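Novice: Just a sequence and a predicted model for now, questions to come.
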Amino acid sequence: QVQMEESGGGLVQAGDSLMLSCAASGGTFNRYGVGWFRQAPGKERQFVAGIGWRGAGAGTYYAESVKGRFTISRDNAKNAAYLRMNALKPEDTGVYYCAAELYGSPQLHGANYWGQGTQVTVSS
C-alpha cells in the first residue's frame, strides 16, 4: 500500500503563492488517483483538488472555491504530486492532506490513503 507525506506548508499573506508537495512510497504510484483535502479549524475536511490515475487519463477536478487559483499536477517518475496555490485567501487556511485511491478518479470519492498533513496559514 502507498504512504503519503506532505511538505511545503507555511505562513503567507493574502495574495501570495505557495506550492505543496506530496511524496508517495510503497506502491505503484501511477495506479493511484491523488488529491488534496483541507481541514479548517472547527470544520470538516473538504476536497480541494484531485488528479486521476494514468489509466483514467489523469484528468483533474477542483472544488469551486479554488478553481482558477489552484493547480494540481503529478510526476509519476518521481512518485510525487503537487498543489500550486496562487492568490491565496485567509479562507484557504487549514491543514492540507494528500490522499490517494487505487485506480481513483479525480474526484477521489474513495480516498483511503492519507498523509499526516501540512499547515497552511494565510494572513489578511
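Specialist: Cool, the structure landed.

Novice: all helices of the chain, in order?
Specialist: With DSSP state H, there are no helices along the chain.

Novice: Give me the residue at the spatial middle of it.
Specialist: The residue lying closest to the centre of the chain (CA atoms, centre = their mean) is Trp36, at 2.2 Å.

Novice: partner residues bridging that residue?
Specialist: Counting by DSSP bridges, Trp36 is bridged to Ala49, Cys98.

Novice: Next one, pLDDT for it please.
Specialist: Here, the pLDDT recorded for Trp36 equals 98.

Novice: contacting residues for it?
Specialist: Listed by CB atoms under 8 Å, 6 or more residues apart in numbering, the contact set of Trp36 reads 20, 22, 48-50, 72, 81, 83, 96-99. Yep, even glycine has a C-beta here, placed from its N, CA and C like the rest.

Novice: again, only using 6 Å
Specialist: Contacts for Trp36 (CB atoms under 6 Å, 6 or more residues apart in numbering) come out as 48-49, 83, 96.

Novice: what's the farthest-apart pair in these?
Specialist: Spatially, the most separated pair among those is Ala49 and Tyr96, at 10.1 Å (CB to CB).

Novice: quick revisit: kindly indicate which of the contacts of Trp36 lies nearest Glu6.
Specialist: Using CB to CB, the contacts of Trp36 come closest to Glu6 at Tyr96, 6.5 Å.

Novice: distance of the nearest residue to Ser65 once chain neighbours are set aside from Thr28?
Specialist: Ranked by CB to CB, 6 or more residues apart in numbering and with sequence neighbours excluded, the top spatial neighbour of Ser65 is Glu91, at 7.6 Å. For Glu91, the distance to Thr28 equals 36 Å [CB to CB, to the nearest Å].

Novice: do the same with Arg38
Specialist: Arg38 sits 27 Å away from Thr28, taking CB to CB as the criterion.

Novice: No further queries at this time; thank you.
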